[in-house]
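[1] just to be clear, the model below is a prediction. Sequence and coordinates:
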Amino acid sequence: MSPRLLTIFLFGLGFGTMLTFASSHWMLAWMGLEINTMAIIPLMAQNHHPRATEAATKYLLIQATAAATLLFASVTSAWFFGHWEIKSMNHPLPITIITLALALKLGLAPFHAWLPDIFQGLNMDTALLLATWQKLAPFVLLIQIQPTNPYLLIFLGLSSILIGGWGGLNQTQLRKMLAYSSIAHLGWMVLIIQFAPSISLMALLIYFIMTYSIFTLFKLNSSTNISSLSTSWIVSPVMSTLAPLILLSLGGLPPLLGFLPKWMILQELANQSMGMMATLAALSALLSLYFYLRLSYALSLTISPNNVTGTLPWRLTRIIAVMPLAISCSITVCLLPLAPIIITILL
């Protein structure tokens with residue numbers, strides 16, 4: 001893709017998301033979501049590969065369905081109340097429909113089946129955009145609306161944590177495993193979003209940092225499945241040493257940064273007298289932890305034979321910038337001691 005087209009599409013991504021951020025009118029928010037969707041589809045299909053074309057087509061159909069549902073619910077709300085304000089919506093029917101439409105856009109369970117297949121058809125850069133930037137606009141809309149039925153978001157959150165962990169157990173493709181990881185992490189954020197939106201935003205920011213680290217590391221090593229991880233040590237020994245720590249941080253183990261949002265979410269659920277929900281979420285996180293440990297084992301304890309083919313990659317010039325990766329890895333591994341400062345700033 002030419003630099004001019006890439007600049008135009010990236011500008012469309014940013015403009016659509018910012019338009020949704022700045023809008024208090026449902027029509028403007030819908031327009032921002034549509035601009036965002038139209039901008040990322042050419043990026044998804046830029047490889048001219050059948051799997052990439054299939055992923056772009058599936059994404060277009062899914063997002064068009066969610067956008068049409070969102071527009072229908074906002075029109076229904078305008079019919080009931082005579083206005084299009086986002087925060088003034090208080091009727092249970094349009095709020096429920098909009099929540100389900102946003103869940104479809106985000107890929108929350110039980111509307112998650114499209115996400116792993118689309119991840120598998122994309123390269124690492126576009127999959128990273130889909131896992132991070134594309135979550136911002138629907139997530140902000142989900143924060144602004146106030147569901148009349150609190151159990152809907154709890155159901156979406158718990159089912160996403162469970163299915164996100166369960167679905168990644170039997171996968172061998174890294175992009176599908178990262179898709180299920182995205183589903184599980186979004187479940188944690190949605191579980192607490194109606195009680196403490198600031199904690200959800202903090203969890204989203206930390207998830208972005210950890211996801212950028214692991215996606216960029218897999219791209220650096222040219223890894224697409226578990227078997228290819230055994231050659232990562234030859235390509236980049238230092239990054240292969242840090243990769244298990246990043247994966248364990250994604251799993252939420254102390255003393256790594258990923259422990260902070262899960263700890264805060266469980267604490268807030270306990271403060272809301274929802275100990276059973278907190279227990280179910282913590283137990284469901286063990287499923288995700290299993291396939292993170294599986295990847296860590298493939299990275300750190302499995303080394304391929306040192307033959308000519310295996311030693312070739314380190315002689316090749318890498319065109320990826322490693323400084324942002326080094327910064328994000330350092331934050332992911334070492335930032336938990338600064339948790340009081342992070343909580344003070346963000347909460």
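    Received, thanks. Computed from a prediction, not measured in an experiment: that's the story for all the values here.

[2] pretty sure S88 contacts F81?
    Yes: using CB atoms under 8 Å, S88 is in contact with F81, at 7.0 Å. Every residue, glycine included, has its C-beta placed from N, CA and C.

[3] which one's more surrounded, the two?
    Neighbour count, other CB atoms under 10 Å: between S88 and F81, F81 has more, with 14 against 10.

[4] of all the residues in stretch 201-220, which ones are buried?
    For stretch 201-220, the neighbour count (16 or more other CB atoms under 10 Å) marks 201-204, 206-220 as buried.

[5] from L335, how far out is G258?
    Using CB to CB, to the nearest Å, we find G258 at a distance of 10 Å from L335.

[6] more neighbours, the two?
    Higher neighbour count among G258 and L335: G258, with 27 against 17, using other CB under 10 Å.

[7] mind checking the SS state of I183?
    Using DSSP: H, G, I helix; E, B strand; the rest coil, the structure places I183 in helix.

[8] residue contacts, it?
    Contact partners of I183, counting by CB atoms under 8 Å, 6 or more residues apart in numbering, are G107, L108, A109, H112, L115, S160, I163, G164, G167.

[9] dump the residues you listed to CSV, plus neighbour count and distance to Q194.
    As requested, the contacts of I183 are exported to CSV (neighbours: other CB atoms under 10 Å; distance: CB to CB, whole Å):
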residue, neighbour count, distance to Q194
G107, 26, 19
L108, 28, 14
A109, 26, 18
H112, 24, 20
L115, 26, 23
S160, 30, 15
I163, 21, 20
G164, 28, 20
G167, 24, 25
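
[10] could you find the closest non-adjacent residue to A127?
    Nearest residue to A127, sequence neighbours excluded (CB to CB, 6 or more residues apart in numbering): F119, at 5.2 Å.

[11] which element is the one you found on?
    According to DSSP states H and E, F119 maps onto helix 114-120.

[12] same for that helix, what does it pack against?
    helix 50-81, helix 124-131, helix 174-192 (3 or more CB pairs under 8 Å, 6 or more residues apart in numbering; DSSP states H and E).

[13] residues near P324, how many?
    P324 has 12 neighbours, counted by other CB under 10 Å.

[14] just to check, it is in contact with F215?
    No: the pair P324 / F215 is not scored as a contact, 11.5 Å apart, by CB under 8 Å.

[15] related to what we said a few turns ago, filter the buried residues of stretch 201-220 down to the ones in helices?
    201-204, 206-220 (DSSP state H).

[16] ok, L266 touching A278?
    Yes: at 4.8 Å, L266 counts as touching A278 under the criterion of CB under 8 Å.

[17] looking at these two, which is more packed in?
    Under the criterion of other CB under 10 Å, the comparison of L266 against A278 puts L266 first, with 22 against 19.

[18] what's downstream of the host helix or strand of the more buried one, the next helix or strand?
    L266 belongs to helix 259-271 when assigned by DSSP H and E. Later in the chain than helix 259-271, the nearest helix or strand by DSSP H and E is helix 275-300.

[19] what's the neighbour count on the residue nearest to G258 when sequence neighbours are not counted?
    The spatial neighbour of G258 that comes closest, neighbours along the chain excluded (CB to CB, 6+ apart), is S249 at 3.7 Å. For S249, the neighbour count with other CB under 10 Å is 28.

[20] contact partners of the helix or strand that contains S249?
    Per DSSP H and E: S249 is located in helix 237-251. Residues from elsewhere that reach helix 237-251, judged by CB under 8 Å, 6+ apart: 181, 185, 210-211, 213-214, 217, 220-221, 232-233, 256-259, 285, 288-289, 292-293, 295-296, 299-300, 322, 325, 329, 332-333.

[21] please indicate which of the residues you listed are buried?
    Neighbour counting over the contacts of helix 237-251 (16+ other CB under 10 Å) leaves 181, 185, 210-211, 213-214, 217, 220-221, 232-233, 256-259, 285, 288-289, 292, 295-296, 299-300, 325, 329, 332-333 as the buried ones.

[22] check contacts around L289.
    Residues counted as contacts of L289 (CB under 8 Å, 6+ apart) are G165, G251, G252, L253.

[23] columns distance to Q46 on top of those residues, output as a markdown table?
    Below are the contacts of L289 laid out as a markdown table (distance: CB to CB, whole Å):
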| residue | distance to Q46 |
| --- | --- |
| G165 | 32 |
| G251 | 32 |
| G252 | 34 |
| L253 | 37 |
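
[24] and which of the residues you listed is nearest L136?
    Checking those against L136 by CB to CB gives G252 as the nearest, at 22.0 Å.

[25] list the residues that contact the closest one.
    Contacts for G252 (CB under 8 Å, 6+ apart) come out as G258, F259, P261, K262, A285, L289.

[26] and for L205?
    Each residue near L205 by CB under 8 Å, 6+ apart is listed here: L346.

[27] let's see 7 Å
    L205 sits next to no residue when contact means CB atoms under 7 Å, 6 or more residues apart in numbering.

[28] sweet, I'm off.
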